[in-house]
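Novice: Structure, please.
(chains A, B and C)
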Amino acid sequence: MDGATLRVRDGSITALIGPNGAGKTTLFNVVSGFLRPDRGTVRFAGRDIAGMPPHRIARLGVVRTFQLTRVLGKMSVLDNVLMASPDQPAENLARAIFLPLRARRRERQIRAEALAVLDRVGLAAMAGEYAATLSGGQRKLLELARALMARPRLLLLDEPMAGVNPVLGRRLLDHIRELRSEEGVTILFIEHDMDVVMGVSDAIVVMAEGRVIAEGAPAEVRADPRVIDAYLGVGAPAA
Amino acid sequence: MHEFLQTTVNGLSSGSIYALAAIGLTLVYGILKLVNFAHGDFMTLGAYVAFAVNVSAGMHLALAIAAALAAVAATGLAFEFAVWRPMRRRGAGMLQLLLMSLGLAFVVRYMIQLEWTGASQKLHVDPFQAWHPFDLTISRIQVIVMATAGVLLTLVAVLLKTTTLGKSMRALSDNFDLAEVSGIDTGRVISVTWLLAGGLAGLAGVFAAIHQTTFDPDTGFRLLLSVFAAVILGGIGSAYGALAGGLLLGLVQEWSTIGGVIQPSYKDAVGFLILIVVLLVRPQGIFGRATRAA
Amino acid sequence: MDALLSTGFWFLVLTFTGVNVIFVMGLNLQVGETGLLNFGHVAFMATGAYAMGLMLTHGVHVAIAIPAALLAGALLGIVLGVPTLRLRADYFAITTIAAGEILRTVILNEGDTTGGPQGLISASGPWRGFNRDVLRFAEDHFGWDLDRRVPLLVLTWAVAVVVGLFLLYVTRSPWGRVLRAVRENEEAAAAVGKAVFSYKLQALALGGAIGALAGVFFTFASTTLYPENFLPIVTFTGFAILILGGIGSYVGVTVGAVLISFVVSGTRLIDFPIDPEKVAALRFVIIGLVIMLFMAFRPQGLLGKKEELHLGP
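Specialist: Residues are numbered from 1 along each chain as shown, chains lettered A, B, ... in the order given. Now for the predicted structure:
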C-alpha cells in the first residue's frame, strides 16, 4: 500500500471499495494497528495512532471485525461478547482477587448489556451455545456484536455481509444505520455488493493497487471516469 | 590458531551428527507439520540396533551401521501407517500431533530400556586410536563419523536436488497445498520422507554412540534439543538449512570453548542459548527466507 | 512386604503426588487456560526448589523464604516470557525446554553454590526441626503417635487444595475469561482492546510461581536436591497428568496426578514376575501409551470438556 490518503467524516457511513488486491484489508490492518506502517500517519480524533498496538487503538474506540471471522469457538456466545467489554475492572488480576463483590456487581450489568447486544443482532437465543456451533452468517453477527460491546466510536467492518443470508443481511444493514443514527458511531466498511454500498453509505472511497483513486458521495463516485476505468469497468461485481 | 583448528575438527564431527538428524526432523516438520519429539529416540534406537549387530552378534561395524539405517527407516514408516496417517485423516491439530509424538517418544525410549536395560553401552570401536596431522588430534572415531556423514550428507543433498522425488519433497515442505494441486503423489512422498528421516536418524544415532563412546536410552533425547536448534538455525522445513545449521551449531559449540572463557561443560547450554537468540532475532532461521506467517 | 512398602513409603509417595498436583495446576493455568505450550515448566520447580534450598541453608527464615521462592518463580516467568511469548506455539515449546536445560546446566556446573551433581544437602534446613515440633505437639496434646512424614503430607495436600480453589476462583473471573479469549484467538482479543501480551505474561508468571511452590514442597520432601531431579521428563510427566486428567480441569489434574503416581510408584505393590528394572521401564511405556491413546481417542482426558478443549491450529 502506498499513497493511500483518505478521510472518514465523523458520524458518516463510508464504504471502502476496490478490486481484489487493492489494499482494502491492508488499510484496515494499518488503521487498527495490526500492521505497522513504514511511514505515514493515521489520525483518529486528533491523535496520531499509527504504530500503536492494536489493543490501545481499540481502547481509543477504533474497533474492527475480520473478513474471516475470528469467533472464540470454545467459549459460549455470551462469553464472546462479555469478553469485549471495555469496562470490567476485574479483568485485572489483582482486582479479580481482592474486589470480588464489586466485580460481580459490574458483571451483572455487563451481562445485561451483552444480552441486549446479542438480542439486537438476533443471537440472544444462542447465548449459551458454544460459538463453534454457529453458522458462517451467525459468526459474522457475533463478530459485530462483540465489536459493539467494545463501544466503538469508529467501527471498521471487513465485508460484514459476506456469507450472511439475505434476510440476516438486511437486518445487519438496519443495525448499521441505527448505530450511526442512535449512537453516533462512525462506520467504515469494506463491501463488494454494489447495491449495499450505494444503498447504505453516504460516502465512498475507492482503492486500486494500494492507492485511493477517488472519494466522494455515491453519485459522484459512480460517475467518476477513473473509477469506472479502474474498478467498475474491469469485471467488477454485478451492480 | 591451533586451538581454532582443533575445535573446528571437533565441531565438524559433532555438527555432522546434528546435520544428519536435523534433515529428517525438518522435512517431517515441513511436510507434515509434525514437531516430532520422538526423533531423538529414533536416534537412540539406531544406536541400539547397531549394538545388537556389532556387539551382541559380533559383526562388523559397517554392517551394524547399515542395519541401524534400515531398521529405523522401517520404524519411521511403520509409525506413519500406524499413527500419523490415521491421525491426519481424523484432522488432528498440530498440538495434538506434537503431544502424541511426546507419548511416542516415551514408548520408544522405554521399550529400548525394557529390551537393553538402562545401563550405558559401547560399540566395538577403539576410542584411543588417533592421528596427529599438523599437530592436531583427529581420532579414528572422528574420521569415521566425518567421512561417512560427509558422504551421506552429500548423497542426500544430491538426492534432494536432482531426483524428482527429492524435488517433490522440498516442494511439499515448502508449500504443501500448492505442491499437492500440482499433482505430486503426496502419499508416496510422505512415505519416502519417513524412510529418509528414520534412516538418517538411525545413522545419526549410531554416530552419536560412536562419538560419545558410550550411550544409554536417554542419549537421543539429550541430543534432540541440539537437533532442534540446528533445524531452527537453518530455517524450519529447509533440508539444506538443517544441514548447514547442524554443522554451524557443532562448530559454534566447540568454538565457544576457545580461550577457556566458557567451560566445555556449558557447550550444550551455549547451543540452547543460540537457539533462543536465533528464534528471537530471526525466527525464520539464518538461512531461511522471511516469508510465510504461521 | 519389605520395608520399602511400609506406610511411611506410601506417605512419601502421596506427598510427591501432592507436589505434582501443585506443579501441574500451574501448568494447567498456562496450557489449559491460556494456550501457552510451556515445555520447560520444570525450570520453575527447579527455581523454587533451589531458591528455597539456598535460602534455608543460608539461614533465611522459612516465612521469608517461601514468598521469596514464589517470587523467584514469577520473575523467571517474566524474564523467560518477555522475549519468547511472541513466538509461535511450537517455537515457544522448544524455547522453554531449552531455557529449562540451560538452568539445569548452570545448577550442575555451579557446584560451589548449588552442590552441583553431589546435590544441595540438607536443603530443607529448619523444616525438620519444625516437623519434629509438630509431631511432639500432636503427641502431647492429642496423644497421636504420627509417622514423621504425616505433617508434610497433610500440609502439601492442604496447599494443593488451596491452590486449586484459588485457580478455579481466578480463572472463573473476568480475568480468566480474557485468558481463554487469548488462547482462542489473540487477534480477536486485541481487536476489542485486550492487552494480549500482558495477559500471557501474567499467566506464565503466576503459573511459574505455582510451579515454584511445587519446588518448595519438593525441597521439604526430598531434603537433598539434585540437578537430575529437574530433567525435562518431569515436565513431560506433568503433561501426561494433564492429558490424562483433562486439560483445563483442576479436578482432572488431581485425578491424573494420583493415577500417574499409581503407575509410577503404586505398581510396586504388585508382584511382577519380571526384573524390577524392566518394570520401571514398563511404567514409562504405559505413560507414553496413555498420552498417545488419550490424544488420539479422548483428547479431553477423563474430566475435561471436549467442547472447551483447544489444541491449537
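
Novice: who touches the nearest residue to residue B:102 once chain neighbours are set aside in this structure?
Specialist: Closest residue to residue B:102 apart from its sequence neighbours, by CB to CB, 6 or more residues apart in numbering or on different chains: residue B:37 at 4.6 Å. Just so you know, the C-beta spots here come from the backbone N, C-alpha and C atoms, and that holds for glycine as well. Taking CB atoms under 8 Å, 6 or more residues apart in numbering or on different chains as the criterion, residue B:37 is in contact with B:98, B:101-102, B:104-105, B:224.

Novice: Using JSON lines, lay out the residues you listed together with neighbour count and secondary structure.
Specialist: Shown next, in JSON lines, are these (neighbours: other CB atoms under 10 Å in any protein chain shown; DSSP: H, G, I helix; E, B strand; the rest coil):
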{"residue": "B:98", "neighbour count": "23", "secondary structure": "helix"}
{"residue": "B:101", "neighbour count": "23", "secondary structure": "helix"}
{"residue": "B:102", "neighbour count": "24", "secondary structure": "helix"}
{"residue": "B:104", "neighbour count": "25", "secondary structure": "helix"}
{"residue": "B:105", "neighbour count": "26", "secondary structure": "helix"}
{"residue": "B:224", "neighbour count": "25", "secondary structure": "helix"}
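
Novice: Where does the residue nearest to residue B:102 sit: helix, strand or coil?
Specialist: coil (DSSP: H, G, I helix; E, B strand; the rest coil).

Novice: Spell out which residues of the stretch 151-294 of chain B are next to chain C.
Specialist: Proximity of the stretch 151-294 of chain B to chain C, by CB under 8 Å from any CB of the partner chain, involves residues B:221, B:225, B:228-229, B:232, B:263, B:265-266, B:268-269, B:272-273, B:275-276, B:279-280, B:283, B:294.

Novice: Please indicate which of these are buried?
Specialist: For these, a burial check counting by 16 or more other CB atoms under 10 Å in any protein chain shown picks out B:221, B:225, B:228-229, B:232, B:266, B:268-269, B:272-273, B:275-276, B:279, B:283.

Novice: Need the worst-confidence member of those residues.
Specialist: pLDDT across those is lowest for residue B:283, at 73.

Novice: Check which helix or strand the residue nearest to residue B:72 when sequence neighbours are not counted maps to.
Specialist: Excluding its sequence neighbours, the residue lying closest to residue B:72 (CB to CB, 6+ apart) is residue B:202, at 2.9 Å. Here residue B:202 is covered by helix B:186-211, with elements defined by DSSP states H and E.

Novice: same deal with residue B:250?
Specialist: Here residue B:250 is assigned to helix B:239-255, by DSSP H and E.

Novice: Could you check the angle that helix makes with helix B:186-211?
Specialist: Here helix B:239-255 runs at an angle of 20 degrees relative to helix B:186-211 (axes from the mean of the first three to the mean of the last three CA atoms, to 10 degrees).

Novice: and helix B:239-255, what does it pack onto?
Specialist: Helices and strands touching helix B:239-255, by 3 or more CB pairs under 8 Å, 6 or more residues apart in numbering or on different chains; DSSP states H and E, are helix B:2-32, helix B:140-162, helix B:164-174, helix B:219-234, helix B:267-281.

Novice: Right, I'll call it a day here.
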